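Undergrad: I would like to see how this sequence folds:
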Amino acid sequence: MTSLLKELILHKLFLLNSTTELLFEKMDKNRSKFVDSKSFVTGLDEYLCITNSYSGALYSEMDINDSNAVDLDNFTYVLNKVKDVKCVKTLAIHIVPAGKTLEEVYHMWKGSDDLLTSKKWVSALKSIDGDLDVPIAEKAFQSMQSQKNEKGLKLENFLNALQPLQQLNIDVALLSSYKNGLADHIEKTSATFQSIFDQFDEDGSNAIDFEEFKSGMRRFCGANPDDPMSLRLLRDLFNTMDYDGNGTISLD
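TA: Just a heads-up that it's a prediction; the model follows:
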């Protein structure tokens with residue numbers, strides 16, 4: 001199940017226009033060029049709002065020397081191993097017809113078979129991507145199965161693998177609306193980066209805390225912090241910009 005966690009991390013980094021290298025730097029607070037298990041698990045929660053029971057297992061996969069010290073090379077290598085698989089699953093999300101649930105899509109794709117087969121999975125993906133890398137698509141299918149050499153993919157595993165990515169695609173659309181709202185404000189007011197920062201910095205402290213960030217995003221981007229989904233995304237964005245993890249955003 002660590003593969004699903006890796007995909008979730010990569011998707012969130014993409015959503016936030018961040019990188020594995022930047023995530024590593026944030027976790028490595030003492031600049032030792034190594035991240036221990038506690039910093040890894042805490043960092044996923046603090047910077048990506050990811051709390052997952054497999055975080056420890058993923059760290060162990062990175063810690064090849066069992067030294068409780070993971071360097072950047074192993075950190076990025078383990079995460080990037082699933083990049084192609086994640087892309088295939090993201091493609092699967094994009095071909096879900098409007099108004100259809102993932103459960104309905106599963107039954108539509110499997111047809112009269114008891115389970116969704118690899119052949120029908122590949123066929124569905126190729127219907128919109130003629131250049132689909134079939135071996136990677138088959139690898140993505142296998143990554144969703146609970147056991148190797150299963151005859152097909154169970155509905156439960158299909159949903160567990162794709163629902164988190166479906167939610168993140170919703171986040172992408174919401175984030176785009178925030179960016180468009182801020183761009184409209186800048187265009188209408190000819191605002192500079194400094195003036196935008198000053199408008200967010202309500203108490204004039206030269207630092208923006210989360211309450212000020214929420215207020216500014218409501219005023220300038222149309223965000224609704226009262227909505228749990230929006231609040232979670234705002235926290236993700238704030239954490240990404242809070243480079244040193246001190247609870248505020250500064251211009252430095």
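Undergrad: From now on I want contacts and neighbour counts done on CA atoms only, so please keep to that.
TA: OK.
Undergrad: for this structure, where's the lowest mean pLDDT among helices and strands?
TA: Every helix and strand of the chain was ranked by mean pLDDT, DSSP states H and E. The lowest is helix 83-94, at a mean of 72.
Undergrad: quick one: low-confidence parts of the stretch 51-200 of the chain?
TA: 86 (pLDDT under 70).
Undergrad: in stretch 59-75, what's buried?
TA: 59-63, 69-72, 75 (16 or more other C-alpha atoms under 10 Å).
Undergrad: gap between whatever helix or strand Leu168 lives in and the chain center?
TA: Assigning secondary structure by DSSP states H and E places Leu168 in helix 155-189. With C-alpha atoms, centre = their mean, to the nearest Å as the basis, helix 155-189 stands 10 Å off its chain's centre.
Undergrad: Any buried residues in stretch 22-40, and which?
TA: Those would be 23-29, 34-37, 39-40, for stretch 22-40 by 16+ other C-alpha under 10 Å.
Undergrad: residues of stretch 189-199 that come out buried?
TA: 197-199.
Undergrad: can you check stretch 179-192 too?
TA: For stretch 179-192, by 16+ other C-alpha under 10 Å, it's 181-182, 185-186.
Undergrad: Spell out, range by range, the helices that occur in the stretch 1-150 of the chain.
TA: 2-15, 20-27, 37-48, 55-62, 72-80, 83-94, 102-110, 118-126, 134-144 (DSSP state H, counting those that start in this stretch).
Undergrad: Of all those helices, which one comes closest to Phe213?
TA: helix 37-48 (15.7 Å; C-alpha to C-alpha).
Undergrad: which strands and helices sit next to the closest one?
TA: helix 2-15, helix 20-27, helix 55-62, helix 228-241 (3 or more C-alpha pairs under 8 Å, 6 or more residues apart in numbering; DSSP states H and E).
Undergrad: Show me the contact partners of stretch 158-166.
TA: With C-alpha atoms under 8 Å, 6 or more residues apart in numbering as the contact definition, stretch 158-166 has outside contacts at 4, 8, 11, 89-90, 93, 102-103, 106, 144.
Undergrad: Show me which of those are buried.
TA: Neighbour-count burial (16+ other C-alpha under 10 Å) applied to the contacts of stretch 158-166 gives 4, 8, 11, 89-90, 93, 102, 106, 144.
Undergrad: now for the residues you listed, which pair is the farthest apart?
TA: Top of the distance list for the buried ones among the contacts of stretch 158-166 (C-alpha to C-alpha): His11 and Tyr106, 22.2 Å.
Undergrad: ok, back up a step: of the contacts of stretch 158-166, which is the nearest to Asp203?
TA: His11 (34.6 Å).
Undergrad: any chance of the buried residues of stretch 179-192 in a markdown table, plus distance to Arg232?
TA: Shown next, in a markdown table, are these (distance: C-alpha to C-alpha, whole Å):
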| residue | distance to Arg232 |
| --- | --- |
| Gly181 | 18 |
| Leu182 | 19 |
| His185 | 23 |
| Ile186 | 25 |
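Undergrad: now, among the residues you listed, which is nearest to Asn149?
TA: Gly181 (48.9 Å).
Undergrad: I'd say that closest one and Gly222 touch.
TA: Yes - applying C-alpha atoms under 8 Å as the test, Gly181 and Gly222 come out as touching, 6.4 Å apart.
Undergrad: what residues does stretch 174-181 touch?
TA: Under C-alpha under 8 Å, 6+ apart, the answer for stretch 174-181 is 217, 220-223, 230, 233.
Undergrad: Could you list which residues are in contact with Leu23?
TA: Neighbours of Leu23 in contact, by C-alpha under 8 Å, 6+ apart: Tyr47.
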